[in-house]
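Q: Need a 3D model of the following:
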Amino acid sequence: MSAQPIIEALEQLIKLHQGFNKLASKKKNIIIEGDTDALTALLIDEQKYVKAISQTEIKRQEAVQTFLKHQKNATLNQVIEVAQLEEAEILQRLQIELLEEVTQLKEQNEFNQQLLVQSLQFVNLSLDVLRPQDRSYNYGNEQAPKPSISMFDSKA
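A: Sure, this is the predicted structure:
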């Protein structure tokens, strides 16, 4: 049996992850610029990539199960062990390539997350500066409000 469907699925996953990495790079610039409209449009594009990656991953898993005769929870390393030498070399190269793309995407996402946290901190700081505060900056004891004296005796 040939591992060609698995190879095709891995190649497709690599292409999708490369496109996803390009979006993550664009996202970095958009976050730095603070363009919320562009960020919203980019998030919609990201959802399309996530859906395509999920569907391709399902196809890859099905191809692996078919190749290994319905073995559950099969790994790519198990496929490489069983595949013919030429296909095993291709699978190993694709595995490394996909791992590099996923690692790069993870790093870009972590960096973008840090940028977002810093942006939120800046917004909160700006709001704190603009918001009036009720603190007294005088030295000494703060004077408590004096109880009001009523003209009527409420105990009567």
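Q: what about the strand or helix carrying Gln121, distance to the chain center?
A: If you go by DSSP states H and E, Gln121 is part of helix 85-130. Here the centre of helix 85-130 is set off from its chain's centre by 7 Å, with CA atoms, centre = their mean, to the nearest Å.
Q: for stretch 5-24, which positions count as buried?
A: Neighbour-count burial for stretch 5-24, counted by 16 or more other CB atoms under 10 Å, picks out 5-7, 9-10, 12-14, 16-17, 19-21, 23-24. For every residue, glycine as well, the C-beta is placed using N, CA and C.
Q: ok, now stretch 108-117?
A: Across stretch 108-117, burial judged by 16+ other CB under 10 Å covers 108, 112.
Q: shaky segments in this protein?
A: In the prediction, the chain carries residues with pLDDT under 70 at positions 132-156.
Q: Nearest spatial neighbour of the residue nearest the centre of it, chain-adjacent residues omitted?
A: Centroid-nearest residue in the chain: Asn109, 5.3 Å away (criterion: CA atoms, centre = their mean). Among residues not flanking Asn109 along the chain, Ala24 sits closest, at 6.2 Å (CB to CB, 6 or more residues apart in numbering).
Q: Identify the residues contacting the one you found.
A: Counting by CB atoms under 8 Å, 6 or more residues apart in numbering, Ala24 touches 105, 108-109, 112.
Q: Look up how far Ala63 lies from it.
A: Counting by CB to CB, to the nearest Å, the separation of Ala24 from Ala63 is 27 Å.
Q: Same question for Gln18.
A: Gln18 is 21 Å from Ala63, by CB to CB.
Q: Also Ala38?
A: 37 Å.
Q: repeat for Leu125
A: Separation of Leu125 from Ala63 (CB to CB) stands at 52 Å.
Q: pretty sure Leu98 contacts Leu13?
A: Yes. The criterion here is CB atoms under 8 Å, and Leu98 meets it with Leu13 at 5.8 Å.
Q: related to what we said a few turns ago, may I ask which helix or strand encompasses the residue nearest to Asn109?
A: Applying DSSP H and E, one finds Ala24 within helix 4-33.
Q: Give me the next element, helix or strand, following that helix.
A: Moving toward the C-terminus from helix 4-33, the next helix or strand (DSSP H and E) is helix 36-67.
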